[in-house]
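In: Sequence first, then the predicted structure:
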Amino acid sequence: MERVFNLRSYVRNHSFTVSEPSELGGPDRGPNPVEYVLSALGACYVIGFFNTTKRNARIRNIEVALEGELDNILVFLGLSTQGHRV
């Protein structure tokens, strides 16, 4: 039996797909959980920036780019210590 990681998450009146990329055996139907965390972190930075500058600042455009690297998926899952960076 093939196991495919693909789910729908519900928050207040919204929903979104959480998936895994094909390299990890997923259907790649949406961002994976780590990508959502990075995206949420970027959104927090932008909202915080707007909240601290909204008095007299004029912002035309803002962009935040975050990236992460998962060194070893087995370390992430707690199944190995090889490749773990301290």
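Out: That came through, no problem.
In: just the helices in this structure please.
Out: Remark: helices assigned in the chain by DSSP state H are 33-53, 73-76.
In: May I see these organised as TSV, with mean neighbour count and distance to Arg12 added?
Out: (Each C-beta comes from the backbone N, C-alpha and C, glycine too.) TSV is the format used below for these (neighbours: other Cβ atoms under 10 Å; distance: least, Cβ to Cβ, whole Å):
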stretch	mean neighbour count	distance to Arg12
helix 33-53	12	14
helix 73-76	13	29
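In: now those in CSV, with mean pLDDT?
Out: Output for the helices of the chain, formatted as CSV (pLDDT from 0 to 100):
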stretch, mean pLDDT
helix 33-53, 88
helix 73-76, 72
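In: Distance to Ile59 added to those helices, as JSON lines?
Out: As requested, the helices of the chain are arranged in JSON lines below (distance: least, Cβ to Cβ, whole Å):
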{"stretch": "helix 33-53", "distance to Ile59": "7"}
{"stretch": "helix 73-76", "distance to Ile59": "36"}
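In: Which of these sits closest to Ser9?
Out: With respect to Ser9, and counting by Cβ to Cβ, the nearest of these is helix 33-53 at 8.4 Å.
In: for the chain, where's the lowest mean pLDDT among helices and strands?
Out: Sorting the helices and strands of the chain by mean pLDDT, DSSP states H and E puts helix 73-76 at the bottom, at a mean of 72.
In: give me the low-pLDDT residue ranges for the chain?
Out: For the chain, the stretches with pLDDT under 70 are 1-4, 54, 70-72, 76, 83-86.
In: Recalculate using a threshold of 90.
Out: Along the chain, the parts satisfying pLDDT under 90 run over 1-7, 20-27, 32-35, 46-63, 66-86.
In: For the residue sitting furthest away from the middle of it, give its distance to Arg12.
Out: For the chain, the largest distance from the centre (Cα atoms, centre = their mean) belongs to Asn56, which lies 31.9 Å off. Distance of Asn56 to Arg12, computed by Cβ to Cβ, to the nearest Å: 32 Å.
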